[in-house]
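Engineer: whatever this is, show me its structure:
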Amino acid sequence: MPVRNPLSLARGPRRFNAAFVVLFAASTLRVASIGAHDDIAATVRKDGDAVLVSVDCPVRASRAIAWSVLTDYDHMAGFVTNLQVSEVRTREGDTLLVYQSGRAQRGLISVSFENVREIRLVPQREIRSRMISGTLKSSEFITRIVDDGNELHILNNGRFVPNMWVPPLIGPAVIEAETRKQFEEIRNEILRRSALASRAS
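Structural biologist: Predicted coordinates:
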């Protein structure tokens, strides 16, 4: 999708020290460990200053409903909890400019983010997302919907360069936990809309 980079945990206050990162990591991982999204495969690793992200989120739903959720930017803040605002600023055919802002929070720790992204759509197949401005140095993601015959797989791959130092071990683990949480919320919305469609038919 991208929805946005799940991972716009970029830069709350500019002064972001290592102790803050460790506290945020510890509280995030405690919450993530009790989640119900173990089948969502997320891999996060550092490559120099960049962070590489790969996600495989399986879901049993129609391609049309999955696509409608992944591209529902005007209502995304209603089902992705770390988003406060999500809106399409411009639309020209299959190219959108999307503004999103929000806050990731664990206990007393809170990190704000915002970004404007150029979204290029290949209907019901692929979403290409590139950050134009925001609280990251750069961010590019591709989201694809793949059908293996039994279920759909939402595949999200990309890289971003944060404006803050990301510690080598804890940092990727935190981002990975947040990524799984976000995709679980997206999948829950896909399943909710699928159930509504089934009852209406």
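
Engineer: tell me where the model's unsure across this structure.
Structural biologist: For the chain, the stretches with pLDDT under 70 are 1-37, 105-110.

Engineer: quick check: residue 44 vs residue 66, distance?
Structural biologist: Using CB to CB, to the nearest Å, residue 44 is found at 23 Å from residue 66. Any C-beta I mention is one placed from the backbone N, CA and C, and that applies to glycine too.

Engineer: show me which of those two is the more surrounded one.
Structural biologist: Set side by side, residue 44 and residue 66 show unequal neighbour counts under other CB atoms under 10 Å, the larger going to residue 66 at 27 against 22.

Engineer: OK, contacts around that one?
Structural biologist: 59, 145, 152, 154, 190 (CB atoms under 8 Å, 6 or more residues apart in numbering).

Engineer: out of these, name the ones that lie in helices.
Structural biologist: residue 190 (DSSP state H).

Engineer: which parts of the longest strand along the chain are buried?
Structural biologist: Secondary structure assigned by DSSP state E gives strand 109-122 as the longest strand of the chain. Of the residues in strand 109-122, 109, 111-115, 117, 119, 121 count as buried by neighbour count, 16 or more other CB atoms under 10 Å.

Engineer: nearest to residue 199, of the residues you listed?
Structural biologist: Nearest to residue 199, judged by CB to CB, of those is residue 121 at 28.5 Å.

Engineer: the closest one touches residue 98, doesn't it?
Structural biologist: No. Under the criterion of CB atoms under 8 Å, residue 121 is not in contact with residue 98, lying 11.1 Å apart.

Engineer: I'd say residue 47 and residue 159 touch.
Structural biologist: Yes. With contacts counted by CB under 8 Å, residue 47 reaches residue 159, the gap being 7.3 Å.

Engineer: between these two, which has more neighbouring residues?
Structural biologist: For residue 47 and residue 159, the more surrounded residue by other CB under 10 Å is residue 159, and the numbers stand at 15 against 9.

Engineer: for the more buried one, which residues are in contact?
Structural biologist: Counting by CB under 8 Å, 6+ apart, residue 159 touches 47, 50-53, 139-141.

Engineer: partner residues bridging it?
Structural biologist: Taking DSSP bridges, one obtains residue 52, residue 140 as the residues bridged to residue 159.

Engineer: next one: it relative to residue 195, how far apart?
Structural biologist: Distance, residue 159 to residue 195, by CB to CB: 35 Å.
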